[in-house]
Structure formats: structure tokens, C-alpha cells
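Colleague: Provide a 3D model corresponding to the input given below.
(one chain, ligands or ions: 2)
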Amino acid sequence: MSNVEWRNELLENAEYLCSGTASEVYTSTAKKGTKGSTRVYVVKVQDLSGKRPPHDAKRGFKILSELRHPNIDVIEDAFMDKFGSLCIVSAYKRFTLSSCQSQLSYEAKLKVSMDIASALDYLYENEIIHRDIHPNNVLLDSLDGPAILTDFSTAWSYNCKGQEKQGLITQIGTGHYKPVETLFGYQYYYCEVDWWAFGILVAELFSQTDLFDDGSREGWPSELKLINSIFKTLGTPNPNIWPALATFPDWNKFVFTKYHGKHWEDILPNVSEDIQLLVSTMVKYTGRGIPSSVREHLEQLLIEHKKTVK
Ligand SMILES: Nc1ncnc2c1ncn2[C@@H]1O[C@H](COP(=O)(O)OP(=O)(O)OP(=O)(O)O)[C@@H](O)[C@H]1O
Ligand SMILES: [Mg+2]
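Modeller: Ligands and ions are numbered 1, 2, ... in the order given. Next comes the predicted model:
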């Protein structure tokens with residue numbers, strides 16, 4: 001624990017777990033004899049000095065601390081370390097969705113997707129945009145779930161806008177999960193950016209292959225490469241099929257190759273028609289399916305699946 005800078009009177013045995021864009025994450029246990037001493041905790045240490053928008057640790061903390069939902073992470077404790085970093089304590093979960101998705105059964109994948117849809121539905125009801133939906137921000141205690149959404153450090157809410165009072169920041173999301181409209185500088189997005197990323201997550205959960213390619217795997221991520229991959233897959237949009245496109249600040253800066261787009265049975269050949277249909281309601285330019293209806297659709301698939309395995 002020599003390189004651990006924070007101290008807390010209730011926690012001991014801190015061990016470094018990983019680093020993020022603006023944070024370091026440690027595991028720790030409660031001191032013997034204190035409440036919860038048999039449990040393992042995670043301490044996320046976020047530096048508050050250098051602002052790296054859209055990261056806003058205080059705003060993320062405030063938003064998350066007010067949420068109560070079975071599929072959203074719970075803050076167990078929070079404190080400031082001696083350097084002024086914000087330390088958020090939560091219960092340790094064994095898996096991230098990315099680390100375990102290849103081991104999940106079809107039924108577990110349906111349940112995990114339902115869990116995330118429930119969390120997103122709750123965020124929508126509460127006027128909150130998560131803005132970084134991807135499999136590393138979904139945690140699980142066991143391969144049976146439940147799935148827990150975490151990492152609210154770039155979240156935005158109507159009641160807690162932070163610096164983003166007019167338009168919103170467009171540099172949101174991670175890798176190929178970045179919402180397509182933000183790649184063209186669109187600042188007036190809402191929860192549908194989360195539904196786009198969620199659709200990609202569901203596609204990849206069931207197909208076990210990346211839906212889009214932003215060049216990260218070759219070590220050269222690029223937004224132009226991601227745009228090209230999206231257009232090749234879904235077809236190049238135009239203002240006739242997506243009227244808002246004409247208002248995106250960067251839409252007219254480039255001339256894009258006109259692709260027709262593929263059918264979902266060719267995009268996701270190794271998944272059932274039901275899942276292809278479900279993904280197609282979210283990974284689309286306009287009119288993305290709201291999480292409550294996605295959840296109902298998944299629930300139906302789960303009922304049908306249970307009938308077939310009986
Ligand atoms: N409660 C937890 N249990 C187990 N592992 C966790 C937990 N919280 C976070 N982690 C691990 O730490 C990683 C980073 O945490 P988190 O996603 O909150 O921050 P980050 O991606 O570094 O975010 P930021 O963009 O704020 O720097 C997660 O992807 C996960 O692997
Ligand atoms: Mg994260």
C-alpha cells in the first residue's frame with residue numbers, strides 16, 4: 001500500500017486496480033471490527049484540479065448520489081484525500097461486462113440487457129444522460145447478474161448541468177460507442193445518445209464481434225474512420241432521411257462516400273432475427289427505441305426462451 005496516497009479511518013489493505021482518463025481505482029477492505037468488514041470495496045480517486053471536460057467528478061458524484069435503482073451503482077461512502085481528490089467508495093463487483101460477456105448464457109445476456117434497459121429507463125425518467133455507455137462501465141457480481149451501471153463521471157442532468165448550460169460537449173463516449181450525431185459536432189442531444197451506445201453493446205453482447213470500427217484495435221483511433229464504418233454499415237445518411245443532419249455544424253465539412261448500408265441479417269449474421277430486430281430499433285439515425293419498450297421486447301424474448309428450454 002506504499003504508493004496509495006489516500007487514507008481513510010474505516011478502510012485498509014488498499015491495492016491499486018486500474019486507472020482511467022481522470023481517475024485511479026483501488027480495492028480495499030473495511031478495518032476489522034467495523035461495519036461491513038468482510039466486504040471488499042472499490043475506491044475511485046478523482047483529481048479535481050485539472051478540468052477535463054466532459055469529466056466532472058463533482059457533478060457525477062452529485063448525480064449518482066441521488067439515484068436509487070437496483071441496476072445503478074450505489075455510493076457507500078465518499079471523502080476527500082489530502083491532495084483534494086474526491087474518493088468515492090462502492091462495493092467491489094467481480095466482473096465488468098467486457099471481462100465476462102463471452103461466458104454468459106443466452107438467458108443471462110437477455111437479463112443483462114434488460115437490467116441496463118431498466119437503468120437507462122430510470123435515467124431517462126430523471127432527465128439524466130450517462131454519456132459513456134460501454135461494457136467496461138457495466139459491472140456484475142456473478143455470471144447470473146444483476147448488471148450494474150457505473151461511472152457517472154461524464155454524466156449530465158437537467159438539474160445538475162455543471163459548465164454545460166447551453167449546448168452540451170460533443171467529446172463524449174468511448175471508442176466506437178461514440179454516438180454518431182456527436183461526431184458531427186451536434187450539441188443539443190439528449191438521452192438517445194445512450195440508447196445508440198446501448199444498442200451497440202447489445203449487438204456485441206450477442207454476436208461477440210465489434211459492430212463498428214474506429215481503428216482502436218490497430219492503435220490508430222480516428223473519428224473519420226468510425227464515421228466511415230458507421231456509414232458502410234447503416235448507409236450514408238442525408239437530410240431527407242435525417243432532417244436534423246442539416247443542422248449539425250460539421251456535416252458539410254466533408255464529402256462522404258454514399259454507401260447503401262447493409263441488411264441486419266448481413267450485419268449480425270450469427271444472431272437470431274429477434275436480436276437483429278431489437279438492435280435495429282436502437283442503432284439507427286432517427287427515432288431510436290426508448291429503453292422501456294426495449295425492456296419489454298427483451299422480457300418477451302426471455303419468456304419465449306424459457307418456454308423453449310422447458
Ligand atoms: N465497484 C467496482 N467493482 C469492481 N471494479 C470496478 C468498480 N468500479 C470500477 N471498477 C473498475 O474500474 C474501472 C474504471 O472505473 P470507472 O469506469 O468508474 O472509471 P474510469 O473509466 O476510469 O472513468 P473516468 O472516465 O472517470 O476516468 C472499471 O471499468 C472497472 O474495471
Ligand atoms: Mg469507465
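Colleague: Do you know the pLDDT at Ser37?
Modeller: Per-residue pLDDT puts Ser37 at 70.
Colleague: Quick check: it touching Ser28?
Modeller: No. Contact between Ser37 and Ser28 fails when scored by CB atoms under 8 Å: they sit 11.2 Å apart. C-beta here means a position set from N, CA and C on the backbone, and glycine is covered the same way.
Colleague: between these two, which one's more packed in?
Modeller: Taking other CB atoms under 10 Å, Ser37 and Ser28 do not tie; Ser28 has more neighbours (24 against 13).
Colleague: secondary structure element for the more buried one?
Modeller: If you go by DSSP states H and E, Ser28 is part of strand 23-30.
Colleague: Would you pull up how far that strand lies from the middle of the chain?
Modeller: Offset of strand 23-30 from its chain centre (CA atoms, centre = their mean, to the nearest Å): 21 Å.
Colleague: Quick check: which helices or strands does that strand pack against?
Modeller: Using 3 or more CB pairs under 8 Å, 6 or more residues apart in numbering; DSSP states H and E, the elements in contact with strand 23-30 are strand 11-19, strand 40-46.
Colleague: quick one: average pLDDT of the first one?
Modeller: When the per-residue pLDDT values of strand 11-19 are averaged, the result is 93.
Colleague: Could you pull out the buried residues of it?
Modeller: Using 16 or more other CB atoms under 10 Å as the test for burial, strand 11-19 gives Leu11, Ala14.
Colleague: How far away from the center of its chain is that strand?
Modeller: Worked out by CA atoms, centre = their mean, strand 11-19 lies 23 Å from the chain centre.
Colleague: Give the other helices and strands that it contacts.
Modeller: Here strand 11-19 touches strand 23-30, strand 40-46, going by 3+ CB pairs under 8 Å, 6+ apart.
Colleague: Of these, which stretch is the most buried?
Modeller: Comparing the helices and strands packed on strand 11-19 by mean neighbour count (mean count of other CB atoms under 10 Å), strand 40-46 ranks first with a mean of 21.
Colleague: hmm, back to that, mind checking the helices and strands packed on strand 11-19 for the one nearest to ligand 2?
Modeller: Nearest of the helices and strands packed on strand 11-19 to ligand 2, taken as CB to the ion: strand 23-30 at 8.3 Å.
Colleague: what about stretch 217-228, how long is it end to end?
Modeller: End-to-end span of stretch 217-228 (CA to CA, to the nearest Å): 16 Å.
Colleague: Now tell me what touches it from outside.
Modeller: Here stretch 217-228 makes contact (CB atoms under 8 Å, 6 or more residues apart in numbering) with 175-176, 178, 180, 183, 210, 212-215, 254, 256-257.
Colleague: between these, which is closest to Cys160?
Modeller: Cys160 lies nearest to Lys178 out of those, by CB to CB, at 22.7 Å.
Colleague: what about Ala246, how many residues close to it?
Modeller: Neighbours around Ala246, by other CB under 10 Å: 11.
Colleague: Could you report the pLDDT at it?
Modeller: For Ala246, pLDDT reads 95.
Colleague: Would you state the strands of the stretch 51-200 of the chain in chain order?
Modeller: 77-80, 86-91, 95-96, 128-129, 138-140, 147-149, 156-157 (DSSP state E, counting those that start in this stretch).
Colleague: related to what we said a few turns ago, in JSON lines: the helices and strands packed on strand 23-30, plus distance to Asp266.
Modeller: JSON lines is the format used below for the helices and strands packed on strand 23-30 (distance: least, CB to CB, whole Å):
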{"stretch": "strand 11-19", "distance to Asp266": "37"}
{"stretch": "strand 40-46", "distance to Asp266": "41"}
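Colleague: coming back round to it: do the strand holding Ser28 and ligand 1 come into contact?
Modeller: Yes. Counting by CB under 6 Å from any ligand atom, ligand 1 has neighbours in strand 23-30: Ser23, Val25.
Colleague: repeat for stretch 197-211
Modeller: No. On the criterion CB under 6 Å from any ligand atom, stretch 197-211 is out of touch with ligand 1, staying 13.6 Å away.
Colleague: re the thing from before, quick check: angle from the strand holding Ser28 to strand 11-19?
Modeller: In terms of direction (axes from the mean of the first three to the mean of the last three CA atoms, to 10 degrees), strand 23-30 departs from strand 11-19 by 150 degrees.
Colleague: tell me the angle strand 23-30 makes with strand 40-46.
Modeller: Computed by the same axes, to 10 degrees, the angle between strand 23-30 and strand 40-46 is 150 degrees.
Colleague: Around ligand 1, which positions in this protein sit nearby?
Modeller: For the chain, the residues in contact with ligand 1 (CB under 6 Å from any ligand atom) are 17-18, 20-23, 25, 42, 44, 55, 90, 92-93, 96, 136-137, 139, 150-151, 153.
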